[in-house]
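Trainee: Have a look; sequence and predicted model below, questions after that.
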Amino acid sequence: KNVVKNIEWTTGNNFTVERGQQQIEELISTWEIHESWLHCSEFLQEEELEYSKRYHYRVCWSTPTRRKPIPRATASVYFAIEISKIKPATLPVEVFFTLESSRLIHRPEQCQFREKWLRDIIENKIILMERL
């Protein structure tokens with residue numbers, strides 16, 4: 001049985017863009033991914049909604065090697081951190097992530113990330129490039 005690993009997310013009143021990025025890195029460190037995978041994370045934008053504010057981040061993954069230091073393709077995971085304007089600011093932020101090739105929304109506390117998802121994205125991109 002897979003145990004879903006999650007972290008203790010900051011509260012709405014303690015949230016900053018930098019803290020959000022640090023916490024995404026903290027979450028990623030709990031994922032069981034081979035050490036050959038490297039990633040970089042970046043803040044994309046802030047989105048003002050009627051009842052909340054959403055902060056969007058991207059984490060770009062690849063597996064560079066000595067022979068191929070520049071990978072043929074990368075895989076991105078998009079994170080959204082949402083802070084409610086209605087709920088108390090002392091509650092933890094809500095976090096969601098999606099894979100670049102999917103519209104399915106994952107919640108870190110409900111699903112265990114799989115390395116296979118990254119491999120599939122990259123393999124599909126390489127197949128597409130070879131066809132073109």
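Mentor: Arrived safely, thanks for sending. Numbers count the residues shown, from 1 in each chain.

Trainee: contacts and neighbour counts: CA atoms only from here.
Mentor: Noted.

Trainee: what ranges do the helices span in this protein?
Mentor: All helices of the chain, identified by DSSP state H, fall at 17-28, 115-131.

Trainee: so where's this protein uncertain?
Mentor: For the chain, applying pLDDT under 70 flags the ranges 1-3.

Trainee: one step back: point out the most buried one among the helices of the chain.
Mentor: helix 17-28 (a mean of 16; mean count of other Cα atoms under 10 Å).

Trainee: who touches that helix?
Mentor: The contact list for helix 17-28 (Cα atoms under 8 Å, 6 or more residues apart in numbering) reads 6-7, 9, 41-43, 55, 57, 81.

Trainee: and if you look at stretch 93-102?
Mentor: With contact meaning Cα under 8 Å, 6+ apart, stretch 93-102 is reached by 9-12, 15, 75-84, 104-108, 117, 121.

Trainee: Narrow those to just the buried residues.
Mentor: Neighbour counting by 16 or more other Cα atoms under 10 Å classes 9-12, 15, 75-84, 106-108, 121 among those as buried.

Trainee: Now distance to residue 37 too, for the helices of the chain, in JSON lines please.
Mentor: Formatted as JSON lines, the helices of the chain follow (distance: least, Cα to Cα, whole Å):
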{"stretch": "helix 17-28", "distance to residue 37": "11"}
{"stretch": "helix 115-131", "distance to residue 37": "9"}
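
Trainee: Let's see which of the contacts of helix 17-28 end up in strands.
Mentor: Residues from those lying in strands, with DSSP state E as the criterion: 41-43, 55, 57, 81.

Trainee: which among these gets closest to residue 31?
Mentor: Set against residue 31, the nearest of the ones in strands among the contacts of helix 17-28 by Cα to Cα is residue 41 (15.1 Å).

Trainee: Now do residue 42 against residue 17, distance only.
Mentor: Separation of residue 42 from residue 17 (Cα to Cα, to the nearest Å) stands at 10 Å.

Trainee: And for residue 97?
Mentor: For residue 97, the distance to residue 17 - Cα to Cα - is 16 Å.
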